[in-house]
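Student: what follows is a predicted structure for the sequence shown.
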Amino acid sequence: MAMLSSASASFHRLTTSSSPSIPTPFLPSSCSLLPKSTTTRYKNRVYFSTFAIRKPIQLDILQEEETEMAEEESVSESVLYSISPLPLLVIGALPGAGTIRSLFGPFVDLVKSWDLPGWLVHWGHPGNMAVVLFAMGGYGTYLGFRIRFSDNVDEKAMAKDLHPKLLAGMFFFFALGATGGVTSLLTSDRPILESPHAVTGLIGLTLLALQTTLPTLFEGNPGVRNVHGILGSGIMTLFLVHAALGLQLGLSY
């Protein structure tokens with residue numbers, strides 16, 4: 001025991017002395033030297049720890065790659081924006097509100113000089129257009145379906161005669177009513193051609209003009225009849241939306 005203690009003390013002095021350090025064995029890259037040797041005493045036993053094992057380098061690399069991937073994912077996020085097409089339609093379809101305002105100026109001054117009741121100026125245009133839409137447009141659409149599906153020869157002949165007349169009248173009164181709507185807005189000092197109601201009205205009138213040319217192509221093109229029927233139903237649906245937007249506009253001021 002005395003010899004062991006003497007040897008341990010000598011070894012301890014050797015490792016802690018100022019003499020040149022003893023060469024350390026080759027250590028793997030996953031190991032690192034400690035700044036000082038760690039000594040643990042338990043009774044008469046002495047243990048020395050000359051190096052400690054770090055986390056494997058591969059784990060550090062994987063963590064760095066995961067961090068970089070997370071940063072790339074956060075940078076490359078896709079952001080979706082919802083855009084209303086109505087302003088674009090206004091720009092593309094309208095010549096300019098300033099020109100229309102200048103053209104309607106004398107007539108607007110004349111209407112203001114009549115001193116009409118406010119409710120008549122405000123709701124006169126919506127009331128007239130509702131009659132045209134549901135009376136002429138609704139009945140004309142019904143006659144269009146009777147032309148396609150009726151087995152009564154007399155009824156079909158009557159529908160073929162009245163259907164184009166009603167829809168042509170609807171187009172005329174809608175075009176005339178558009179001027180009334182502009183006049184109503186100008187007499188109330190409201191902006192024109194900037195609402196969804198105005199945009200849907202212009203689109204509807206354009207489609208109605210196209211619809212009137214399709215019957216000239218019926219002969220020899222049976223498929224055009226189907227296009228005419230589908231387009232007519234779509235136009236009526238559009239004008240129903242147009243009416244709802246007009247009611248909303250009327251209630252806004």
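Tutor: Here it is on my side, so go on.
Student: just list what the host helix or strand of Val241 packs against, helices and strands only.
Tutor: Counting by DSSP states H and E, the element that carries Val241 is helix 222-251. Taking 3 or more C-beta pairs under 8 Å, 6 or more residues apart in numbering; DSSP states H and E as contact, the helices and strands that helix 222-251 lies on are helix 118-131, helix 138-149, helix 196-213. For glycine as for every other residue, the C-beta is placed from the backbone atoms N, C-alpha and C.
Student: could you dump the ones you listed into a markdown table and include mean neighbour count?
Tutor: Listed next are these as a markdown table, based on neighbours: other C-beta atoms under 10 Å:
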| stretch | mean neighbour count |
| --- | --- |
| helix 118-131 | 15 |
| helix 138-149 | 16 |
| helix 196-213 | 17 |
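Student: any chance of CSV for these, columns distance to Lys160 and mean pLDDT?
Tutor: Shown next, in CSV, are the helices and strands packed on helix 222-251 (distance: least, C-beta to C-beta, whole Å; pLDDT from 0 to 100):
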stretch, distance to Lys160, mean pLDDT
helix 118-131, 24, 91
helix 138-149, 6, 92
helix 196-213, 15, 91
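Student: which one, of those, ends up nearest to Gly250?
Tutor: Minimum separation from Gly250 across the helices and strands packed on helix 222-251 (C-beta to C-beta) falls at helix 118-131, 5.6 Å.
Student: which of the helices and strands packed on helix 222-251 sits closest to Ile100?
Tutor: Of all the helices and strands packed on helix 222-251, helix 196-213 comes closest under C-beta to C-beta, at 10.5 Å.
Student: who's in contact with that closest one?
Tutor: Outside helix 196-213, the residues within contact range by C-beta atoms under 8 Å, 6 or more residues apart in numbering are 86, 89-90, 93-94, 164, 167-168, 170-171, 174-175, 178, 181, 192, 228, 231-232, 234-235, 238-239, 241-242, 245-246, 248-249.
Student: any regions of the protein where pLDDT drops low?
Tutor: Applying pLDDT under 70 to the chain flags the ranges 1-96.
Student: okay, buried residues for the biggest helix by length in it please.
Tutor: Using DSSP state H, we find that the single longest helix of the chain is helix 153-187. Using 16 or more other C-beta atoms under 10 Å as the test for burial, helix 153-187 gives 156, 159, 163, 166-167, 170-171, 173-174, 177-178, 180-187.
Student: could you look up the SS state of Gly220?
Tutor: Following DSSP: H, G, I helix; E, B strand; the rest coil, the label given to Gly220 is coil.
Student: and it, how far from Ala157?
Tutor: In this structure, Gly220 and Ala157 are 22 Å apart, going by C-beta to C-beta, to the nearest Å.
Student: swap in Ile100?
Tutor: Computed as C-beta to C-beta, the Ile100 to Ala157 distance reads 43 Å.
Student: just the element for Gly105, please.
Tutor: helix 97-113.
Student: hmm, who's touching that helix?
Tutor: With C-beta under 8 Å, 6+ apart as the test, helix 97-113 has contacts from Val121, Thr179, Val182, Thr183, Leu186, Thr187, Pro191, Ile192, Leu193, Glu194.
Student: again, but for stretch 145-162
Tutor: For stretch 145-162, using C-beta under 8 Å, 6+ apart, the contacting residues are Gly140, Leu143, Gly144, His163, Arg225, Gly229.
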